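[1] I would like to see how this sequence folds:
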Amino acid sequence: MNLELKSRRKEGVAEKENTKSETLTESLVEAIVSGEIAPGSKISEPELAKNYQVSRGPLREAIMRLEGLGLIERIPHVGARVITFSPEKLIELYSVREALEGMAARLAARHITAEELAGLEAVLSTHSNHIDEVEGASYFHQHGDFDFHYRIILASRNSKLISLLCDELYHLLRMYRYQSPRAQSRPVEALDEHKYILQAIRNRDEELAEMLMRRHISGSRTLIEQQILRD
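    This is a model prediction of the structure:
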């Protein structure tokens with residue numbers, strides 16, 4: 001009986017530690033994505049443990065998760081640092097997105113439900129209202145269910161695509177969106193392109209949905225390349 005009680009206590013402690021680590025991971029992701037923890041910053045475990053009032057165990061697990069998401073990299077003789085975007089990394093990221101999100105749009109046109117279509121329409125309506133409020137100065141950058149691309153990826157019903165795009169690449173993209181110059185943003189054009197993509201998906205036109213999504217992301221990549229040339 002004592003052994004069983006000890007086992008349950010250990011399981012309870014492990015579960016609490018895991019919950020702490022997950023919550024901490026989410027907080028650190030948002031801090032890195034928003035730039036609160038700046039690109040290139042060295043990761044100091046004592047400082048983070050103090051700032052977030054957590055023990056080293058959950059913190060180290062959270063840091064490992066951030067490495068898995070590509071937000072932190074370990075450099076020999078230097079240690080763990082927040083990633084910085086090089087021009088090469090950005091072009092690679094958008095090239096991969098173009099191929100994978102094009103496929104996701106094709107599959108979404110095949111599998112999407114009426115409820116998911118309604119959700120996408122609501123997202124675009126929210127984005128449109130935001131652009132009107134700021135007079136076209138910026139797009140409405142939100143994540144998860146408020147992200148047009150994210151919803152389409154989920155509607156693809158392809159678990160591997162969802163894992164690659166929503167876990168491994170998604171926060172990198174969000175980080176770039178938050179911290180990129182406004183000159184690389186084209187909110188009105190992006191909203192129009194999103195509407196055309198949604199129409200193709202609504203019409204179950206798989207080929208057109210894929211083509212429009214690839215063209216949409218290619219346009220963003222071109223803006224980045226132009227900015228690189230100017231710099």
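[2] Would you mind confirming that residue 195 makes contact with residue 127?
    No: checked against CB atoms under 8 Å, the pair residue 195 and residue 127 is beyond contact range at 9.9 Å. The way it works is simple: take the backbone N, C-alpha and C, and place the C-beta from them, glycine included.
[3] which one of those two has more residues nearby?
    Relative neighbour count places residue 127 above the other of residue 195 and residue 127, with 22 against 16, counting by other CB atoms under 10 Å.
[4] Need the pLDDT of the more buried one.
    Reported pLDDT at residue 127 in the predicted model: 87.
[5] Quick check: phi and psi on it?
    When read as degrees, to the nearest 10, the backbone of residue 127 gives phi -60, psi -40.
[6] So it sits against residue 194, correct?
    Yes: with contacts defined as CB under 8 Å, residue 127 counts as touching residue 194 at a distance of 7.5 Å.
[7] Contacts for the helix or strand hosting residue 93, please.
    Here residue 93 is covered by helix 87-111, with elements defined by DSSP states H and E. When contacts are taken as CB atoms under 8 Å, 6 or more residues apart in numbering, the neighbours of helix 87-111 outside the stretch itself are 149, 152-153, 155-158, 161, 164-165, 169, 172-173, 176, 197, 200-201, 203-207, 209-214, 217-218, 220-221, 224-225, 228.
[8] Pull up the overlap in contacts between residue 127 and residue 194.
    Common neighbours of residue 127 and residue 194, counting by CB under 8 Å, 6+ apart, are residue 148.
[9] one step back: among the contacts of helix 87-111, which are in helices?
    Judged by DSSP state H, helices contain the following of the contacts of helix 87-111: 149, 152-153, 155, 161, 172-173, 176, 197, 200-201, 206-207, 209-214, 217-218, 220-221, 224-225, 228.
[10] Which segments of this structure make up each domain?
    The record's domain split for the chain, according to the TED database, is 20-82, 87-229.
[11] Once you drop chain neighbours, what's closest to the most centrally placed residue in the chain?
    The C-alpha lying nearest the average C-alpha coordinate of the chain belongs to residue 170 (CA atoms, centre = their mean; 2.5 Å). Setting aside the residues directly before and after it, residue 170 is nearest to residue 150 in space (CB to CB, 6 or more residues apart in numbering), at 7.0 Å.
[12] what's the angle from the helix holding residue 93 to helix 148-155?
    Going by axes from the mean of the first three to the mean of the last three CA atoms, to 10 degrees, helix 87-111 is angled at 50 degrees with respect to helix 148-155.
[13] for helix 87-111, which positions count as buried?
    By neighbour count, with 16 or more other CB atoms under 10 Å as the criterion, the buried positions of helix 87-111 are 90, 93-94, 97-98, 100-109.
[14] any idea how far the closest residue to residue 102 other than its chain neighbours lies from residue 98?
    Of all residues beyond its chain neighbours, the one nearest residue 102 is residue 214 (3.9 Å), with distances taken as CB to CB, 6+ apart. With the distance defined as CB to CB, to the nearest Å, residue 214 ends up 5 Å from residue 98.
[15] what does residue 59 give?
    The gap separating residue 59 from residue 98 is 36 Å, by CB to CB.
[16] got it, and residue 227?
    If you go by CB to CB, the gap between residue 227 and residue 98 works out to 17 Å.
[17] what's the pLDDT at residue 196?
    The pLDDT attached to residue 196 in the predicted structure is 98.
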